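starting from these lines, generate the structure:
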Amino acid sequence: MKIVRLETFTTEFVGFVRATSDTGAQGWGQVSTYNADLTCEIFHRQIAPHALGRDALDFADTLALISEREHKYPGSYLRRAMTGLDTALWDLRGKLEGKPVASLIGGSPGKVRAYASSMKRDITPEDEAKRFLKLRDDHGFTAFKWRVGAECGRDRDEWPGRTEAVIPVVSKALGDGIDKLVDGNSCYSPARAIAVGRLLEDNGIGHLEEPCPYWHPEQTAEVRAALSIDVAGGEQDCEFSSWQLMFDRQAVDIAQPDVMYLGGLHRTLEVCRMAAAAGLPVTPHAANLSLVTMCTMHLLRAIPNAGKYLEFSIEGLDYYPWQHGLFLGDPYKIEDGQATVSDAPGWGIEINPVWLEAASYKVSQLDR
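Modelled structure (predicted):
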C-alpha cells in the first residue's frame, strides 16, 4: 500500500495533513502548531517528495530516510513538518485495522489522569487560585500546574514579586491531597532557580519544569542536584543527540517530549525508550487542545514508563482563539480529573469540515 497523495489545510496557527494511499485509505494528522503555514510549505518541499510512493503502513524507515535526505536541515521546522506525515499515517493504519493508535503501539483505550495546566502569567495569584478551585470542583482535577518567573526571563519576574506571591497563594488555596507543579519556561540562572526551588519545597510543590534555559542542560543538572523535588524538562528538544546529552548529564528527573515538536509518534517512542533506559518517567508536553493532546493521550496509554498524568491546557478562546472549531464533538471532555482515549479507530477525532473549507489548501501527489 503506497502513499499517493498528501494534502495540507492550514492557518497561521494550525495545519492538518491528510494522507491517501493507492487503495483510497486515508488518515488525518497535524504539523505542529504556530507558524503552521510555514511548516506546511516545508512539508510539501522537504517531506512529501520523500514520502510519496513509499509504504503507507510500515513508515518508520521513511521517517529515517527523510532525516537522511534532509541532513543539512536538522532542527525544529523539519521535525514539526515530519509530525504531519507521522500522525496522518498512524491514523490511516488505525482506521484500516479498526483500532485506536494506543492499541497499535501496545496499549489500550481508557482513562488518563490529567493535570490542569495554566498558560498564563498575566494573572494575579488570587485569580489563578480561584479558577483552579473552580476546575477542581467542576471537573475533578487532582493536579495543577502554574507559571513562575517570565518566559526566557533572564531571572526577571513577570512583574516584581509575582513568583514569591503566586507560589504560596495558589499552593495554600489548593491545600493537601493535590499534586502541585510549576513551570519556569527557561527563566532562571541556576542560583535563582535553586532559590525558587527552595520556596517550592517549603510550599509542598513537587515539580519544577524547565527552570533554566533549555539549551544549557548543565545548568538544569545543577538545579536538579541541589533540590529534593522533581526537575523536569525536554519539551523543546527535537533531536536525539540533545536528549542523549540531557540523560548523560542527569539533568532531569522527568522527561517531557512534545509529540509535535519532536517529529511525531515514532520519534517520541524512541525518546521514551531512551528515558526508560535512563530510569526516568515520561510526562509529555501538550500545551494546547489541537491534535497534540490526543496524540499524547494515546502515547500515555501505551508506554511502560508513563508519568503520573497528562498535561491538559485549561485555556479557552480568550487565550487560544485559534482552537475554536477544530473538531466535531467534544474529544477533550474531562470527568473526575481524567481524559478518555476512546476505542474509535485511529486518533478517534473528526476534524471540522467547516474549518477545513476555510483553511489554505495545498496538495502533493505521486505522478502516475
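
residue 167 contacts residue 204, correct?
No: taking contacts as C-beta atoms under 8 Å, residue 167 lies outside contact range of residue 204: 9.9 Å. C-beta coordinates here come from the backbone N, C-alpha and C atoms, glycine included.

the two: who's more crowded?
Higher neighbour count among residue 167 and residue 204: residue 167, with 22 against 17, using other C-beta atoms under 10 Å.

a helix runs through that one, doesn't it?
Yes: looking at residue 167 with DSSP: H, G, I helix; E, B strand; the rest coil, it is inside a helix.

how close does it get to residue 319?
For residue 167, the distance to residue 319 (C-beta to C-beta, to the nearest Å) stands at 22 Å.

try residue 248
Computed with C-beta to C-beta, the distance linking residue 248 and residue 319 is 37 Å.

again with residue 278
34 Å.

count the residues that sit near residue 247.
Residue 247: 20 neighbours (other C-beta under 10 Å).

wait, doesn't it sit right on residue 276?
No: proximity of residue 247 to residue 276 does not meet the contact threshold set by C-beta under 8 Å, at 10.5 Å.

which helix is the longest one in the chain?
Taking DSSP state H as the criterion, the chain has its longest helix at helix 76-97.

give me the more crowded residue out of residue 248 and residue 319.
With neighbours defined as other C-beta under 10 Å, residue 248 and residue 319 compare such that residue 319 has more, 14 against 11.

let me know the secondary structure of the residue nearest the centre of the chain.
Nearest residue to the geometric centre of the chain (C-alpha atoms, centre = their mean): residue 286, 2.9 Å. With three-state DSSP as the basis, residue 286 sits in coil.

offset the numbering so it begins at 850, please.
Okay, residue one is now 850; in that scheme the one you just asked about reads as residue 1135.

hmm, it is touching residue 1147, no?
No: in this structure, residue 1135 is not within contact of residue 1147 by C-beta under 8 Å, at 11.3 Å.

which stretches of the stretch 1100-1217 of the chain have low pLDDT?
Low-confidence segments of the stretch 1100-1217 of the chain (pLDDT under 70): 1217.

strands of that one, start to end?
1103-1104, 1159-1162, 1187-1190, 1209-1214 (DSSP state E, counting those that start in this stretch).

part of a helix, is residue 1049?
Yes: with three-state DSSP as the criterion, residue 1049 is assigned to a helix.

quick one, domains of the chain?
Domain ranges of the chain: 852-947+1202-1214, 951-1190, per automatic domain parsing.

how about these in a markdown table, adding distance to residue 1196?
Formatted as a markdown table, the domains of the chain follow (distance: least, C-beta to C-beta, whole Å):
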| stretch | distance to residue 1196 |
| --- | --- |
| domain 852-947+1202-1214 | 5 |
| domain 951-1190 | 5 |
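
separation between the closest residue to residue 1095 other than its chain neighbours and residue 1094?
Among residues not flanking residue 1095 along the chain, residue 1066 sits closest, at 4.9 Å (C-beta to C-beta, 6 or more residues apart in numbering). Here the criterion is C-beta to C-beta. By it, residue 1066 lies 6 Å from residue 1094.

please identify which of those two sits among more neighbours.
Neighbour count, other C-beta under 10 Å: between residue 1066 and residue 1094, residue 1066 has more, with 24 against 14.

can you show me the CA trace of stretch 1065-1084 as CSV?
Extracted C-alpha coordinates of stretch 1065-1084, given in CSV (Å, rounded to 0.1, in the frame of the first residue of the first chain):
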residue,chain,number,x,y,z
HIS,A,1065,22.1,24.6,28.7
PRO,A,1066,21.4,21.2,30.2
GLU,A,1067,24.3,21.5,32.5
GLN,A,1068,22.5,24.4,34.3
THR,A,1069,19.4,22.3,34.8
ALA,A,1070,21.6,19.4,36.1
GLU,A,1071,23.0,21.8,38.7
VAL,A,1072,19.5,22.7,39.8
ARG,A,1073,18.4,19.1,39.9
ALA,A,1074,21.4,18.1,42.1
ALA,A,1075,20.6,20.8,44.6
LEU,A,1076,16.8,20.2,45.1
SER,A,1077,14.7,17.4,46.6
ILE,A,1078,11.8,18.0,44.2
ASP,A,1079,11.5,16.6,40.7
VAL,A,1080,13.1,18.7,38.0
ALA,A,1081,11.5,18.2,34.5
GLY,A,1082,12.4,19.3,31.0
GLY,A,1083,12.8,18.5,27.3
GLU,A,1084,9.7,19.9,25.7
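
mind listing what's buried in it?
1066, 1068-1073, 1076, 1078-1084 (16 or more other C-beta atoms under 10 Å).

from those residues, which land in strands?
1079, 1080, 1081, 1082 (DSSP state E).

for the closest residue to the first one other than its chain neighbours, give me its contacts.
Leaving aside its sequence neighbours, residue 1079 sits nearest to residue 1102 (C-beta to C-beta, 6+ apart; 4.2 Å). Residue 1102 is in contact with 1073, 1079, 1080, 1081, 1129, counting by C-beta atoms under 8 Å, 6 or more residues apart in numbering.

distance of residue 1102 relative to residue 1075?
To residue 1075, residue 1102 is 13 Å away according to C-beta to C-beta.
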